[in-house]
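Visitor: Predicted model and sequence below, questions to follow.
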Amino acid sequence: MQLITSRQNKTIKEVISLKDKKYRRKLRKFIIEGYRIIHEAVNSGSSLEKVFFSADTEQKYRNELAGRLSPEVQLFEIPHDLFMQIAETDSPQGVLAVVKIPEVEFNTIYKKGFRGLVLDSVQDPGNAGTMIRSAHALGFDAVVATEGTVDLFNGKVLRSTMGSIFYIPVLENIKSEDIFAFCGENSIRVISSRLEDARPCYDVDLSGDFFIVIGNEGNGISECFHKKSSEFVKIPMPGGAESFNAGVAASILMYESNRQKSCKNC
């Protein structure tokens with residue numbers, strides 16, 4: 001384990017730069033913080049590059065985690081004050097890792113019965129993280145985020161996924177026309193969620209070969225999805241609320257997809 005004590009160290013400077021979306025995309029790396037999410041990264045076989053321990057981290061936790069890492073992962077110990085400068089949370093657990101962003105291509109995610117989720121200009125990190133977590137939990141095949149969506153590798157989104165980001169293919173910063181091109185090549189339906197001129201979710205076939213599109217929290221789906229989607233779906237709200245939270249709406253629709261799929265297999 002290497003000791004670093006200076007903020008001017010180039011390794012520390014790189015970690016700090018990864019708090020900025022521009023450098024995450026340029027370097028194709030991101031930061032994860034805390035024992036649970038690092039354990040999930042290790043369990044999933046993700047490419048960890050470096051792990052940093054605060055000097056005051058309990059030895060038993062340090063040994064447990066270090067013992068599960070591959071020999072290629074670089075380990076560093078840094079003073080508590082320096083760790084606080086690279087950490088993204090106010091009360092960190094004393095461990096932080098740098099992970100390579102997986103390179104996922106459209107042509108690797110399709111399979112018969114494909115079920116995917118599109119985040120169309122979703123802005124709230126908590127919503128985005130919830131959608132990724134629900135997609136993983138409900139067995140979806142991929143999550144795709146359009147160009148206007150919050151960066152899926154920022155700290156708030158990652159913490160909201162609770163580690164699910166490592167278990168489901170995620171593509172971000174994707175043009176809507178590229179989504180439609182992919183869908184046309186593979187006969188995938190684009191089913192967009194909206195309130196007007198839409199069918200109840202239980203009347204729409206959600207058993208397979210589709211993308212569900214969830215739009216921006218304030219403005220809904222973008223014009224391209226209004227014009228080009230195969231179908232439109234809504235969730236009936238007998239209680240009379242104006243709308244669902246975007247993360248909740250996505251989770252309900254994906255659960256309905258699981259219900260339909262289970263019924264077909266009965």
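Guide: Structure's in. What do you need?

Visitor: what are the ranges of the helices in the stretch 151-266 of the chain?
Guide: Taking DSSP state H, counting those that start in this stretch as the test, the helices found in the stretch 151-266 of the chain are 155-161, 176-186, 223-228, 246-264.

Visitor: Dump those helices to JSON lines, plus mean neighbour count and mean pLDDT.
Guide: No exception for glycine: its C-beta is placed from N, CA and C like everyone else's. Shown next, in JSON lines, are the helices of the stretch 151-266 of the chain (neighbours: other C-beta atoms under 10 Å; pLDDT from 0 to 100):
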{"stretch": "helix 155-161", "mean neighbour count": "22", "mean pLDDT": "96"}
{"stretch": "helix 176-186", "mean neighbour count": "16", "mean pLDDT": "96"}
{"stretch": "helix 223-228", "mean neighbour count": "15", "mean pLDDT": "97"}
{"stretch": "helix 246-264", "mean neighbour count": "18", "mean pLDDT": "94"}
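
Visitor: Include distance to L96 when you put the ones you listed into a markdown table, please.
Guide: Below are the helices of the stretch 151-266 of the chain laid out as a markdown table (distance: least, C-beta to C-beta, whole Å):
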| stretch | distance to L96 |
| --- | --- |
| helix 155-161 | 10 |
| helix 176-186 | 34 |
| helix 223-228 | 37 |
| helix 246-264 | 26 |
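
Visitor: Quick one: list the elements packing against whatever helix or strand R36 lives in.
Guide: Following DSSP states H and E, one finds R36 within helix 35-44. Helix 35-44 is packed against strand 48-54, helix 59-66, strand 95-100, with contacts defined by 3 or more C-beta pairs under 8 Å, 6 or more residues apart in numbering; DSSP states H and E.

Visitor: Next, the angle strand 95-100 makes with that helix.
Guide: 40 degrees (axes from the mean of the first three to the mean of the last three C-alpha atoms, to 10 degrees).

Visitor: Quick one: residues in contact with helix 35-44.
Guide: Applying C-beta atoms under 8 Å, 6 or more residues apart in numbering, the contact partners of helix 35-44 are 32, 48, 51, 61, 65, 68-69, 93, 95, 97, 99, 158-159, 162-164, 166-167.
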